[in-house]
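**Student:** Pasting the sequence and the predicted coordinates here, then a few questions.
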Amino acid sequence: MDKIDNLITFYFLLGFQHLEIRLFLSNHHVQISERQLKRRLQKLELFRRKNYSNVNDIIDFIYKQIQTSGNLHGYKWMHLRCIQSGLRVKQKTVRQLLKLVDPEGVACRTRRRLQRRQYSNRGPNYDKLKPYGISISGCIDGFSRKIIWLKSSPTCNDPKVIAGFYMKSVELLKGFPLSLRSDMGTENGAVEKMQIFLRQQSTLRLSSLPPFIYGTSQANQRIESKWSILRKHNSQYWMNFFFKLKKDSKFTGSFVDKSLIRFCFLQIIQKERVQIVEEWDSHKIRKSRNTTSSSGRPLIMFKFPEIYNAENHLVEAEIGIINECLEECKFLQAPCDEDVYEMCQIMLSERYMSIKPKTVDEAINTYFFKNLIRFFVTGLTIVLLCVMFIIVFM
């Protein structure tokens, strides 16, 4: 399979139509006609309405999805996930199978009701997974609603960590936005300085648009809407899951427990976030009667704004300047405290357990193994304190 066939397969599995596939091929400097594309698709046996996947395979896939945060998805989102996983199935079939496999979930979504757990909130602006040691940072393009980054991290309070998310996106896009808006908070201070610095080094430094704008989170409708969707399709599952651990006295909120939650679940949650981003960016935003915003696929609106009579306001940045900013950022290497991370690796490898859990079941087994790890960490802490006490009073 050559490079062009790989590109066609990739964009086909994203659910793109023929015209959209050709648009992205042109972005890769590949020009082919509609007829050529159809011939290649036929040669690759890529069909939308032929050679449907075996029903048992579809049921197995859906069943695996509803064991995780996929149990929050409706039939349209689940159909998109099936398509992007290489399954050929009608939306109607997915809807009918969901009723068989997950009747309770379908009933809840029909009533438009989230499966919430009862909890008391400490106050406004309270990060939903932060009590369990996991913070979330996100950025979205205002025009296309494409997600620029969506990261799960041990902390989002360190300005240099948030700046790292921002500068990695700038490095990937080879440019920065003409104007950037963020919520009011000290964690965005480093991003503000870097955005202003990048504007000053560019040819558009005299633009009338301010390089950085602070605003209330309530007025930032784009990202607030995205947080709502993220909770509905992903975060609510983990909120319920961690709350059950706490209710069963398997999570105390201690430093060690938070570190173990991060060690076991952070990478799995981030993997789900990446999948959510891919699905969101490739799905179709419906046209609304009550807004002037454009409708379409976020990825296409972001890459080809001229189709929607809009203009790309990405400002190119020199590699040297980007690297200069990257040096001032902070990139976390371990998902949790480094000492706890090293001890967990040692103890799990000695018992031939997976050092990096890849599935929710593996993560649960690893976390339930935590009592021995907690005992080891607590014992080591006591030994170190005793040694320090002896040294001080010798």
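**Tutor:** Nice, I can see it.
**Student:** Walking through the stretch 201-350 of the chain, point out its helices one by one.
**Tutor:** 221-230, 236-247, 255-282, 298-303, 319-326, 338-350 (DSSP state H, counting those that start in this stretch).
**Student:** Of those, give the one that comes closest to A107.
**Tutor:** Among the helices of the stretch 201-350 of the chain, helix 236-247 comes nearest to A107, with 16.1 Å by C-beta to C-beta. Using the backbone N, CA and C atoms, a C-beta is placed for each residue, glycine as well.
**Student:** Could I get the buried residue list for the closest one?
**Tutor:** By neighbour count with 16 or more other C-beta atoms under 10 Å, helix 236-247 contains the buried residues 236-243, 245-246.
**Student:** which one among the residues you listed gets closest to M167?
**Tutor:** W238 (27.6 Å).
**Student:** pLDDT added to the buried residues of helix 236-247, as JSON lines?
**Tutor:** JSON lines is the format used below for the buried residues of helix 236-247 (pLDDT from 0 to 100):
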{"residue": "Q236", "pLDDT": "87"}
{"residue": "Y237", "pLDDT": "89"}
{"residue": "W238", "pLDDT": "90"}
{"residue": "M239", "pLDDT": "90"}
{"residue": "N240", "pLDDT": "89"}
{"residue": "F241", "pLDDT": "90"}
{"residue": "F242", "pLDDT": "91"}
{"residue": "F243", "pLDDT": "91"}
{"residue": "L245", "pLDDT": "89"}
{"residue": "K246", "pLDDT": "90"}
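**Student:** rewinding a little: nearest to S288, out of the helices of the stretch 201-350 of the chain?
**Tutor:** helix 221-230 (11.7 Å).
**Student:** nearest to I140, of the buried residues of helix 236-247?
**Tutor:** For the buried residues of helix 236-247, the residue nearest I140 by C-beta to C-beta is Q236; the value is 19.7 Å.
**Student:** In this structure the closest one contacts L72, no?
**Tutor:** Yes. Q236 lies in contact with L72 (C-beta atoms under 8 Å); the separation is 5.9 Å.
**Student:** If you average pLDDT over each of the helices of the stretch 201-350 of the chain, which is lowest?
**Tutor:** Among those, helix 221-230 carries the lowest mean pLDDT, at a mean of 75.
**Student:** Specify which residues of this structure, grouped into ranges, have pLDDT under the cut-off.
**Tutor:** Of all residues in the chain, those with pLDDT under 70 make up the ranges 1, 112-127, 217-221, 289-292, 351-355, 370-394.
**Student:** can you list the domain ranges for it.
**Tutor:** Listed by automatic domain parsing, the domain ranges of the chain are 3-43, 55-110, 133-251+275-326.
**Student:** Quick one: these as CSV, columns for distance to S349 too.
**Tutor:** Below are the domains of the chain laid out as CSV (distance: least, C-beta to C-beta, whole Å):
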stretch, distance to S349
domain 3-43, 36
domain 55-110, 26
domain 133-251+275-326, 22
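**Student:** nearest to F368, of those?
**Tutor:** Checking the domains of the chain against F368 by C-beta to C-beta gives domain 133-251+275-326 as the closest, at 7.5 Å.
**Student:** Quick check: end-to-end length of the closest one?
**Tutor:** By C-alpha to C-alpha, to the nearest Å, the extent of domain 133-251+275-326 from end to end equals 26 Å.
**Student:** what's the answer for stretch 86-93, then?
**Tutor:** Using C-alpha to C-alpha, the end-to-end distance of stretch 86-93 comes to 15 Å.
**Student:** List the buried residues in it.
**Tutor:** 87-89, 93.
**Student:** Centroid-nearest residue for this protein?
**Tutor:** R273 (2.4 Å; C-alpha atoms, centre = their mean).
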